[in-house]
Structure formats: C-alpha cells, structure tokens
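here are the coordinates; sequence isn't available:
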Ligand SMILES: Nc1ncnc2c1ncn2[C@@H]1O[C@H](COP(=O)(O)OP(=O)(O)OP(=O)(O)O)[C@@H](O)[C@H]1O
C-alpha cells in the first residue's frame with residue numbers, strides 16, 4: 001500500500017500560553033483536494049506550518065511520504081504558497097520570469113540571460129496557471145489574482161507532489177475566485193498534484209474539493225465532503241460556534 005503523503009499522528013502544539021492544536025491526527029492521501037476549514041484562530045495556519053516542517057509539534061509526530069519528518073529530505077516535493085506571498089512591496093522590480101525561476105531548488109544564481117532550460121521550465125510552470133503571456137511583465141504591474149497565479153507557478157517549477165496554500169484567494173476579487181479554484185482543480189486532476197488549502201471561501205471551493213477537515217484546535221470532522229452532513233449539530237456547534245449555517249450546504253445537507 002502507498003503511504004499517505006502526509007500522516008499527522010496525534011500532534012499538539014502550544015504557543016507559550018496558547019494551545020493552538022490539541023491531539024490532531026489526519027492523513028492526506030495522493031490525489032486528495034483537501035480544504036481545511038475553521039473560524040479565526042482555530043489553528044489552520046499552525047497546522048500547515050507543521051505539515052511544512054516550519055515549526056515542530058510540541059507532542060506527536062508527522063510522517064511525510066512514509067518518512068518521519070525529522071529525517072525527510074525531499075522538501076521540494078511539498079510546495080507552499082503562503083498567505084502573504086502577494087503582499088510584497090509594490091515597487092518590487094522583478095519580472096514574472098525571475099520570480100518563477102526563483103522557485104527552482106537548484107538555483108543558477110542571478111543571470112543576465114536566463115539559461116534556455118530554466119526558461120523552458122518557467123514557461124511550463126506559467127502555462128500550468130495560464131499566465132505564459134505575462135512572462136516578461138513586471139510582477140508589480142499585475143493584479144492580486146494574477147500575482148497569486150505567478151506565486152503558484154513559482155511553487156510548481158520545483159515539481160511538487162503536494163501544494164499547500166494558505167488562504168490563496170486573499171486579494172483576488174470575487175469574479176476571479178471561481179476561475180482561480182478551477183485552475184487549482186485542473187492542477188489536481190490533470191497533473192495529479194495533491195492540494196491542501198486553508199480557505200474561508202466555503203461557497204466557491206465546495207465544487208472543486210474532494211475532502212474537508214473541520215478544525216478548531218481539534219479535528220471535528222475529516223473525510224469526503226459528501227459525508228460532512230453526517231456531522232452532528234453538537235459537533236458543528238463545537239467546531240464553528242454561531243456561524244454553522246454557513247457550511248450547511250457542503251455535503252448535501254440543507255438543514
Ligand atoms: N506566533 C504566535 N505566538 C503566539 N500565539 C500565536 C502565534 N501564532 C498564532 N497564535 C495563536 O494560536 C492560535 C491559532 O492561530 P492560527 O494562526 O494557527 O489560526 P488560524 O486558524 O490560521 O487563524 P486565521 O483564520 O485568523 O488566520 C490563535 O489563538 C493565535 O492567536
């Protein structure tokens with residue numbers, strides 16, 4: 001049997017006084033498109049950072065591709081687009097191709113002329129996010145949504161098997177959010193990239209995802225989105241407090 005790509009085993013995490021995660025166990029399997037949902041402060045970003053190895057759990061362990069994360073070497077298999085990736089200084093002088101090439105694991109340094117192979121890799125990554133026409137543009141001239149696609153291309157150029165995105169649609173206007181999630185769904189289905197994302201766009205993301213994890217310090221539900229309606233009202237209340245109505249349509253429940 002193939003090992004889960006991410007296997008979180010009974011982890012807890014405290015920031016000094018604050019308990020952020022409490023005995024979390026969950027697995028992400030190859031091909032999943034998982035949305036992690038939860039109210040503000042429920043530990044979503046903390047969980048992503050643990051998956052990425054940016055912070056170590058206070059308790060428990062995590063295996064990546066079947067290997068204990070402490071000895072996992074193939075970090076390039078896990079791509080990451082952080083929440084604030086597109087909120088850089090608007091005067092940032094780089095071109096799109098320079099930003100995307102910056103995602104290569106083996107960097108060739110700063111170049112006057114980009115090597116042909118690097119250029120081809122940049123084009124391929126930009127094609128995957130339908131942004132190849134923007135290759136020579138300055139990144140600072142692009143819209144928030146276009147910049148976010150460029151940062152995804154920057155993650156894709158290293159050929160990750162999993163892409164982890166923290167609220168990727170922040171700064172993207174409403175009309176473009178649908179198209180953005182369609183693009184992620186294509187990467188998931190056509191390029192077999194497993195997707196893990198944190199989002200508040202519950203309405204828009206529902207059609208594209210396969211799995212949902214409902215987090216609020218602990219996991220209140222994790223499974224196929226179609227099964228979410230089996231979650232009891234008490235669990236929903238414990239998970240999301242007063243805003244539970246917001247997510248009732250996922251999984252086919254209309255209560
Ligand atoms: N660097 C930090 N130092 C101390 N406490 C922190 C730190 N980062 C997060 N926290 C606390 O840990 C808890 C979980 O935070 P986290 O950022 O993981 O939540 P989140 O679900 O991503 O929130 P949001 O939806 O608002 O982005 C919160 O109570 C938060 O205040």
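Sure thing, it's come through. In this text the structure is predicted, and so the values were computed from the model without any measurement.

can you give me the strands in the stretch 151-255 of the chain?
According to DSSP state E, counting those that start in this stretch, the stretch 151-255 of the chain carries its strands in the segments 162-166, 194-198, 211-216, 218-224.

dump those to a markdown table, plus mean pLDDT.
Converted to a markdown table, those look like this (pLDDT from 0 to 100):
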| stretch | mean pLDDT |
| --- | --- |
| strand 162-166 | 95 |
| strand 194-198 | 96 |
| strand 211-216 | 94 |
| strand 218-224 | 93 |
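
CSV please, covering these and showing mean neighbour count.
No exception for glycine: its C-beta is placed from N, CA and C like everyone else's. Conversion of those to CSV gives the following (neighbours: other CB atoms under 10 Å):
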stretch, mean neighbour count
strand 162-166, 23
strand 194-198, 24
strand 211-216, 22
strand 218-224, 18
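
turn those into JSON lines, columns for distance to residue 15.
JSON lines is the format used below for the strands of the stretch 151-255 of the chain (distance: least, CB to CB, whole Å):
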{"stretch": "strand 162-166", "distance to residue 15": "17"}
{"stretch": "strand 194-198", "distance to residue 15": "17"}
{"stretch": "strand 211-216", "distance to residue 15": "16"}
{"stretch": "strand 218-224", "distance to residue 15": "16"}
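
make TSV from these and add distance to the ligand to it.
Output for the strands of the stretch 151-255 of the chain, formatted as TSV (distance: least, CB to the nearest ligand atom, whole Å):
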stretch	distance to the ligand
strand 162-166	8
strand 194-198	6
strand 211-216	7
strand 218-224	12
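
residue 127: neighbour count?
By the criterion of other CB atoms under 10 Å, residue 127 has 13 neighbours.

the least confident helix or strand in the chain by mean pLDDT packs against which elements?
Least confident helix or strand of the chain, by mean pLDDT, DSSP states H and E, is helix 202-205 with a mean of 78. Secondary structure elements in contact with helix 202-205, counted by 3 or more CB pairs under 8 Å, 6 or more residues apart in numbering; DSSP states H and E, are strand 33-37, helix 174-190.

list the buried residues of that helix.
For helix 202-205, a neighbour-count test (16 or more other CB atoms under 10 Å) marks 202, 204, 205 as buried.

now the residue nearest the centre of the chain. Nearest residue, chain neighbours left out?
Nearest to the mean C-alpha position of the chain, by CA atoms, centre = their mean, lies residue 165 at 2.0 Å. Spatial nearest neighbour of residue 165, chain neighbours left out: residue 197 (4.1 Å); criterion: CB to CB, 6 or more residues apart in numbering.

mind listing what residue 21 touches?
Contact partners of residue 21, counting by CB atoms under 8 Å, 6 or more residues apart in numbering, are 11, 12, 13, 43, 46, 47, 50, 57, 217, 218.

likewise residue 73?
Residue 73 neighbours (CB under 8 Å, 6+ apart): residue 67.

quick check, it in a helix?
No - counting by DSSP: H, G, I helix; E, B strand; the rest coil, one finds residue 73 to be coil, located in no helix.

and the gap between it and residue 58?
Here residue 73 is placed at a distance of 24 Å from residue 58 (CB to CB, to the nearest Å).

which parts of the stretch 1-150 of the chain sit against the ligand?
15, 18, 20, 38, 40, 41, 42, 43, 44, 45, 46 (CB under 6 Å from any ligand atom).

tell me which of the buried residues of helix 202-205 is nearest to the ligand?
Distance to the ligand, by CB to the nearest ligand atom, is smallest for residue 202 among those, at 12.6 Å.

report pLDDT for the nearest residue to residue 138 once chain neighbours are set aside.
The shortest distance from residue 138 to any non-neighbouring residue, by CB to CB, 6+ apart, is to residue 95 (5.8 Å). Looking at residue 95, its pLDDT reads 91.

pull the distance from stretch 185-205 to the chain's centre.
Its chain's C-alpha centre and that of stretch 185-205 lie 8 Å apart, by CA atoms, centre = their mean, to the nearest Å.
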